[in-house]
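Visitor: show me how the following folds:
(2 chains)
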Amino acid sequence: MLPAKSMVDHIEAPSISTEAYDFRGAELRWQKAWQDANCFAVADRPSGNRSKAYVLEMFPYPSGKIHMGHVRNYMLGEVIARARRAQGFDVLHPMGWDAFGLPAENAARERGIEPAQWTRDNIASMREDLKRVGLSIDWSREFATCDPAYYGHQQKLFLDFWRAGLVEQRESAVNWDPVDMTVLANEQVIDGRGWKSGALVERRRLRQWFLKITDFGEELLAGLETLDRWPERVRLMQRNWIGRSEGAELTFELVKPVKKIRGIKVYTTRPDTLFGMSFLAISPDHPLVDVIAVGNPEAAEFISACRSMGTSEAAIESAEKRGFDTGLRVSHPFAKGATYPVWIANFVLMDYGTGAIFGCPAHDQRDLEFARKYRLSVTTVVVPRQDQDLVIEDTAYTGDGLVVRSEFLNGLDVESAKTRAIAELESRGIGRRLVNWRLRDWGISRQRYWGCPIPVIHCDKCGVTPVSEADLPVRLPEDVTFDKPGNPLEYHPTWKHVACPRCGESAVRETDTFDTFVDSSWYFARFCAPHAKTPTDPLATKYWMPVDHYIGGIEHAILHLLYARFFTRAMHRLGHLGVDEPFTGLFTQGMVTHESYRTTDGRWLYPDEVVKRADGSAIYNGEPVIIGPIEKMSKSKRNTIDPSSVIERFGADTVRWFVLSDNPPERDVEWTEAGAQGAFRFVQRVYRLARTIASEPHDSIALNDAAGAARTLRQTTHRTITAVTEAIDHFAFNVVIARLYELANAITDSEPKSAPGMAASRREAIMALIRLSAPIIPHVAEESYALLEPNGRLVAQLPWLTADPTLVQRDSVTIAIQIMGKLRGTIELPPGATAETAFAIALAEPRIARALEGSTIVKRIHVADRIVNFVVRT
RNA sequence: GCGGGUGUGGCGGAACGGUAGACGCAGCAGACUUAAAAUCUGCAUCCCGAUAGGGAGUGCGGGUUCAAAUCCCGCCAUCCGCACCA
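Guide: Residues are numbered from 1 along each chain as shown, chains lettered A, B, ... in the order given. Here you go, the predicted structure:
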């Protein structure tokens, strides 16, 4: 092989032999060597009986440049992918682009660049950046979600979902900017105002498309139990998000009907507390509200105030609790003659339950605060058994206890009272037991241009009609303008005007596009056979799916992962896939953070533009800079570090080593330049050690005859093999790196010729260092390996090392001796020594004997090969 | 507001309930060098003590245990998510 041969020349030329590792030449050379040897490509449908590993990192949004967060993310998968390949797996490790989305439209509006052009340019430059990192990716599988060849299949999937009854149209709320006359994303609503116009945002209802994810609520919940290679916290978050609850739905009868409305339907998980009711509250978005507002200007004003904030739940729920007494009253379902006021309350969500609640202040904290604010009654109906005279002040009582003041429920515990109350509701025909979900159906309509067109045609005669499959893909027109607010598809001269596929009359296309989460809900299945004529290739997905290691940011713990799980189940049901869960293993990485900088007039600055001064302050063009908090690197805040410039200066291996070196991968990491220097030194050191050892003479003593310091070095080598292999499996890459440093230190500390077999032992050690670190720093590994094995294969093609168990085993162990749990000394014993031996030797230690003088040993604890602890009395 | 995390030296962090601070960064001292860089060697949680040694110590306050960074309860700080950013 050409690169290896050229390295031999290096060794033979003394003038060059003193040179350091030249990453500039080497990295490109080895990347080409891997490509020429086709190291990372796999077949759609591999034959043979090897195990498979599908390693996937969440694909990037092509924002323009890769940033450190990307590199870190891809490196986590990269190490697993390279290690699994060496361990004999078929490894699928693809890359693509989550290419639709809002930023492309923002670029179009702000800078007049076409979204398609902007996106393609970004992809081209990011692809180049990524390739320079030297990732072991099968680039032949690359696609972008904005390719018609991809989104056409997505449209086909949508039509299949529709036929299967998983698609619905209904009204739901959006953020409406009354000045820009456009729908805003939650992100574009800042403190209740449009980010550009500054106008107060209104909640407005639009007819939109939904996927019925709630049909899968039970399955998605149950499926979490099978995901034992997911972080527990993510499963917990999903469980809470799905939010299955058992309770009752009941109708409160209005004392006086309003128009033709006779009652208000309420969902509650606490039917046991119905006698503690003090009010009924409905959401400002409740249908009844519009009826009330007619002829009631005060109510109308309150409602419009409530609606003049975005749709985001965070905004609604953290706003000050406010209410409006409508003057209406409802009757209690059980207590004869009792009636309660109906309030409109800004914290009641229309999207959960029925959009109406009954308020029981004594046993719900939020209701209690509301009742105190508006001086509503508070009736305690559950008391703890130990404190039956409990008086509610500022804290609602939500625990179990005895039901009181509740007629037929008196004396029951909470659980029995719920059952009894529901039975009573059912027998009176005013309510029923109901399982309710916090999970809502997935609204997939976006009033945006840069997304996958929803393949639907609206015909005056035939109504809503699917595009026929022969006409897929419905292509997004690229000749659009952004000189007007709103969706360019709406006012494109020709695009939306088509003939109805059913009757042939003139009709219009749906101009909403899909939520980009749809694009990312099945791309992993497409990667298995990216050129298939159907959305998925059954044999390819049968071989590769599910993804064995899915790696991405914790910020995706709920939405993306839940949508992808839903899509996978729906695709399975419709025959597009053979599995229920897309990702059997999940790893969520922390974020890469950095200070943010802005000018005094508020413009964000890149770290490169800012000059930091010794006192910690910063300047830009001679002007002072406002230093923001350390937070997630994001394009909008420009607090990103560009990996390309670091690769330029230090090489890809330095960046690869550094992003894994210091932090546990699940934790956030702050980028520091100092760390990069250290990583660079290590890369150089590996090469230097390899060159030194390559030049040392062999001797005739076999590895197995290594003794003394040579045997000690061999033990370190083999223990490192074990430790590194295990740590990789646990994603503990910072520990992998610590162990590799230790091995490098051991090699540095070993003296050539100092012990029998040292020459072979040093050679074995450097080979292990090279091959164990190769998944992280593959370029210098190849370069170093070629020095030692000039006619060898590529490290990328070598099998993984296995440790010799006799060398991993300890000759002796250090046992800590404690008195009352405090460390008082240590002793060395052969492993497996008995408790009696350990006690005897511990007691014979002068230091221990002295410390025990004058006290009586009352208990002796022995943990084999670890601890001896004496419990004493003085 | 609700749900979920995290908190250990100057810094990033390591540690199956069992010797807290591995490994790295920065620092200090020394070697090499005309010098610098690079490299190599050593020191390094804090307090008391010359040393031997002793005491304290993993955000704060409690608890369980022979033994707690680790398990439990309460608090504080901070980060992530909250359905139209991706």
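
Visitor: up against RNA strand B, what does the stretch 651-800 of chain A have?
Guide: Contacts of the stretch 651-800 of chain A with RNA strand B, taken as CB under 7 Å from any atom of the strand, map to A:661-664, A:667-670, A:672, A:674-675, A:677-678, A:681-682, A:684-685, A:732, A:734-735, A:737-738, A:741-742, A:745, A:748-749. Using the backbone N, CA and C atoms, a C-beta is placed for each residue, glycine as well.

Visitor: buried members of the residues you listed into PyMOL, please.
Guide: Selection command for PyMOL covering only the buried members of those, criterion 16 or more other CB atoms under 10 Å:
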select buried, chain A and resi 661+662+663+669+675+682+684+685+732+734+735+737+741
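
Visitor: need the helices for the stretch 601-750 of chain A, in chain order.
Guide: A:643-650, A:652-661, A:673-694, A:709-729, A:733-749 (DSSP state H, counting those that start in this stretch).

Visitor: also the stretch 751-874 of chain A?
Guide: Using DSSP H, counting those that start in this stretch, helices in the stretch 751-874 of chain A cover A:758-773, A:778-788, A:805-808, A:835-844, A:846-852.

Visitor: got the ones you listed as JSON lines, with mean neighbour count, distance to residue A:449 and mean pLDDT columns?
Guide: What follows is the helices of the stretch 751-874 of chain A, written out as JSON lines (neighbours: other CB atoms under 10 Å; distance: least, CB to CB, whole Å; pLDDT from 0 to 100):
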{"stretch": "helix A:758-773", "mean neighbour count": "23", "distance to residue A:449": "47", "mean pLDDT": "96"}
{"stretch": "helix A:778-788", "mean neighbour count": "26", "distance to residue A:449": "42", "mean pLDDT": "96"}
{"stretch": "helix A:805-808", "mean neighbour count": "13", "distance to residue A:449": "61", "mean pLDDT": "94"}
{"stretch": "helix A:835-844", "mean neighbour count": "15", "distance to residue A:449": "75", "mean pLDDT": "92"}
{"stretch": "helix A:846-852", "mean neighbour count": "13", "distance to residue A:449": "78", "mean pLDDT": "86"}
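
Visitor: where's residue A:48 relative to residue A:41, distance?
Guide: 15 Å (CB to CB, to the nearest Å).

Visitor: brain fart, residue A:387
Guide: Distance of residue A:387 to residue A:41, given as CB to CB: 71 Å.

Visitor: name the nearest residue to residue A:773, ignoring sequence neighbours.
Guide: Leaving out its chain neighbours, the residue that sits closest to residue A:773 by CB to CB, 6 or more residues apart in numbering is residue A:740, at 5.2 Å.

Visitor: residue A:199 now?
Guide: That would be residue A:179: by CB to CB, 6+ apart, it lies 4.0 Å from residue A:199.

Visitor: next one: residue A:812
Guide: residue A:828 (4.9 Å).

Visitor: which strand residues bridge the one you found?
Guide: residue A:814 (DSSP bridges).

Visitor: who touches it in this structure?
Guide: A:812-815 (CB atoms under 8 Å, 6 or more residues apart in numbering).

Visitor: after the lengthiest strand in chain A, which helix or strand is next?
Guide: Longest strand in chain A by number of residues (criterion: DSSP state E): strand A:244-258. Following strand A:244-258 in sequence order, the next helix or strand is strand A:261-268 (DSSP states H and E).

Visitor: for the record, mean pLDDT for that next one?
Guide: Averaged over strand A:261-268, pLDDT sits at 95.

Visitor: most neighbours out of the contacts of residue A:828, which is it?
Guide: Counting by other CB atoms under 10 Å, residue A:815 has the largest number of neighbours within the contacts of residue A:828, with 21 neighbours.

Visitor: ok, that residue to residue A:862 distance?
Guide: 9 Å.

Visitor: run a quick neighbour tally on the closest residue to residue A:838 other than its chain neighbours.
Guide: Distances taken as CB to CB, 6+ apart put residue A:868 closest to residue A:838, at 5.1 Å, once the chain neighbours are dropped. Using other CB under 10 Å, residue A:868 has 25 other residues around it.
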